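Asker: Pasted the sequence and its predicted model underneath.
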Protein chains: 2
Amino acid sequence: MTLRSASIDFQPADSVSYADVASVREAVEERLQAHVTTLPGVPDNLQGAIRHALLGKSKRIRPVLLYLIADPATRHRDAALDLGCAVEMVHTASLILDDLPCMDDAAMRRQRPTTHIAFGQATAILSAIAMLTRAFGIIAELESVPEKTRVKLSTLLSDAIGWDGLVAGQEIDVNGRHQLTSADKIEELNWLKTGVLFVAAAEMGAVLRGLDEPRVDAVRRFARHFGVAFQTADDLIDRNGSAGEAGKDVQKDGDKATLVSLFGASQAHLTCQEHLAHAEQALIDSGVNAAPIREMMQRLFATRKAVA
Amino acid sequence: MTLRSASIDFQPADSVSYADVASVREAVEERLQAHVTTLPGVPDNLQGAIRHALLGKSKRIRPVLLYLIADPATRHRDAALDLGCAVEMVHTASLILDDLPCMDDAAMRRQRPTTHIAFGQATAILSAIAMLTRAFGIIAELESVPEKTRVKLSTLLSDAIGWDGLVAGQEIDVNGRHQLTSADKIEELNWLKTGVLFVAAAEMGAVLRGLDEPRVDAVRRFARHFGVAFQTADDLIDRNGSAGEAGKDVQKDGDKATLVSLFGASQAHLTCQEHLAHAEQALIDSGVNAAPIREMMQRLFATRKAVA
């Protein structure tokens, strides 16, 4: 190998590897702002609603997870960040809709008034549609990613959101909680509400990185258990936490069936721990760089343990 | 040329060319039904809402237009129909949202109660999200279409819906009508509300067919004028028609600024005619088979003339 060919992957001094979670999160935040700061031709009220919802205080779990699994070389860094922004836009859209008066009727989210409180219901719904749609636009425009991969990423996102994914979870959450009489059915709902988008984010990272199918499968298993553990912990926060800690309304679940309401906090806590153990095993099986992912999870669940 | 090579494009006896508008419309209808008839894993209420909204009585203008411009050989027929279904799902999603109490608050659409009246607001909104998302899934899954083309189609659809497209049009319609003080601004709104998706449908047909850029540009011009003419005619129906004729609530525009309310029905009628003349010229420039497209337009505007 000549010096010339060896230098192709040379990282210039001004590149950042984002090895740690805080740096990745900061990079995601900057990229999200870049996506929505200048929006020519977009009505002011709609722009305001998009920025209000998207740029509120958030841990950016999904894009950070995607990035850490993609573990991109410098030249693919922007694609990994953009893809994370696409997933975060979808997640934000789902929060806007969940908070509507006809759904959870929440007043506070990401330490701010919910979007329909601040901008009215019509604009809130339209901002959700705008971000959901833009997510697919971002994927289609990932110039540095082969078209075949872009098509795969678009399929993954569509399947995750779709009528048997996130949307089905929200429908059951709003209209079908009374049918949730077993732990299995509640776990299924937690999967649809949170797991599917965690898995989509993680799998998109794995696809971007070009992992082979057995490793992609391990990544999926990891994200599934992580997502369900996270949702279970969220239910514990809703029951026991304060709005200040959660950054959103709590005790909105009311009489809704959750693992907490049906089987008590200690059982829910145990279930959460089991899923985290499965997640850890799958993370090892996947062979990705586990240290920063563990760091992210430990931070998340340390907060959650405090309120559980 | 040998007999063998000449036979490659031979159409088997059981293929249908759908040369006329009615046959294309029927094929679209069948394909739409196939897309939503069996939906495993989808909550019943959500399935019901999707079928209720999507399969109501409709002229299927956008998918028929897409198909007629694509003018597909037998082997590409299914792709043209599927792509049309994707556009129709997006259009249906936009109707569900437009009809919500926080937007136009309409009770009747496609000769049926609006989706939120029949299934509740939450499920109506979720069914719209489901169809919007599925549209991108359908595009990503068009196996017979090169991946590069699928990416292009996804970009076209995302741009058409997005925050400076259909979504912007609806935001202005709901919250910005008071700013519409000139004919130009109203024409711009008519473009965003109807033109963009007409253009996207037509352009998708042109891209699927592989037309060169000057012809694609003529197709875009055609669809833009056709779309704005159609929306202007729709405003005339809202002002003068009956709900029975329109298949939806009329006189919902109330005091909203439209070409009709600002400049009177005869001026709106004249504007409509001008756009149709421009559309005809662009159609000729595009070099596509104009006869069935003219047939479709004549049928549409004959109905509209009767109520204008």
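Answerer: Received, thanks. What you see is a predicted model; the values in this text were computed from it and never measured.
Asker: And the residue of the stretch 151-300 of chain A closest to chain B?
Answerer: residue A:158 (3.3 Å; CB to the nearest CB). Any C-beta I mention is one placed from the backbone N, CA and C, and that applies to glycine too.
Asker: Tell me how far residue A:293 lies from residue A:81.
Answerer: Relative to residue A:81, residue A:293 is positioned 17 Å away (CB to CB, to the nearest Å).
Asker: check which helix or strand covers the spatially most central residue of chain A.
Answerer: Closest to where the C-alpha atoms of chain A average out (CA atoms, centre = their mean) is residue A:62, at 3.2 Å. Per DSSP states H and E, residue A:62 falls inside helix A:61-70.
Asker: same question, residue A:233
Answerer: Here residue A:233 sits within helix A:213-240, counting by DSSP H and E.
Asker: go on, residue A:100?
Answerer: Under DSSP H and E, no helix or strand contains residue A:100.
Asker: Show the model's pLDDT score for it.
Answerer: For residue A:100, the pLDDT comes out at 97.
Asker: again with residue A:290
Answerer: On the pLDDT scale, residue A:290 is placed at 94.
Asker: what do you get for residue A:31?
Answerer: In the prediction, the pLDDT value recorded for residue A:31 is 98.
Asker: wait, doesn't it sit right on residue A:82?
Answerer: Yes. Contact status for residue A:31 versus residue A:82: in contact at 6.8 Å, counting by CB atoms under 8 Å.
Asker: more crowded one of these two?
Answerer: Neighbour count, other CB atoms under 10 Å in any protein chain shown: between residue A:31 and residue A:82, residue A:82 has more, with 21 against 18.
Asker: Could you say which helix or strand holds the spatially closest residue to the more buried one that is not a sequence neighbour?
Answerer: Leaving aside its sequence neighbours, residue A:82 sits nearest to residue A:138 (CB to CB, 6 or more residues apart in numbering or on different chains; 5.5 Å). For residue A:138, the host element (DSSP H and E) is helix A:121-140.
Asker: Show residues contacting whichever helix or strand comes after that helix.
Answerer: Using DSSP H and E, the next helix or strand after helix A:121-140 towards the C-terminus is helix A:147-161. Outside helix A:147-161, the residues that touch it by CB atoms under 8 Å, 6 or more residues apart in numbering or on different chains are A:83, A:86-87, A:90, A:94, A:132, A:135-136, A:139-140, A:142, A:145, A:165-167, A:196-197, A:199-200, A:203-204, A:207-208, B:129-130, B:133-134, B:136-137, B:139-141, B:147-148, B:150-151, B:154.
Asker: Please point out which parts of helix A:147-161 sit buried.
Answerer: Residues A:147, A:149-161 are the ones in helix A:147-161 that count as buried (16 or more other CB atoms under 10 Å in any protein chain shown).
Asker: Look up how far residue B:295 lies from the spatially closest residue to residue A:216 that is not a sequence neighbour.
Answerer: Counting by CB to CB, 6+ apart, residue A:206 is the residue found nearest to residue A:216 once chain neighbours are left out, at 4.6 Å. Residue A:206 sits at a distance of 50 Å from residue B:295 (criterion: CB to CB).
Asker: And the two? Which one has more around it.
Answerer: residue A:206 (27 against 14).
Asker: Contacts only, for the more buried one.
Answerer: Contact analysis of residue A:206 by CB under 8 Å, 6+ apart lists A:69-70, A:215-216, A:219-220, A:286, A:288.
Asker: what do you get for residue A:198?
Answerer: Listed by CB under 8 Å, 6+ apart, the contact set of residue A:198 reads A:61-62, A:65, A:223-224, A:226-227, A:230.
Asker: is it possible to export those residues to JSON lines including pLDDT?
Answerer: Formatted as JSON lines, the contacts of residue A:198 follow (pLDDT from 0 to 100):
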{"residue": "A:61", "pLDDT": "96"}
{"residue": "A:62", "pLDDT": "97"}
{"residue": "A:65", "pLDDT": "97"}
{"residue": "A:223", "pLDDT": "97"}
{"residue": "A:224", "pLDDT": "95"}
{"residue": "A:226", "pLDDT": "95"}
{"residue": "A:227", "pLDDT": "92"}
{"residue": "A:230", "pLDDT": "90"}
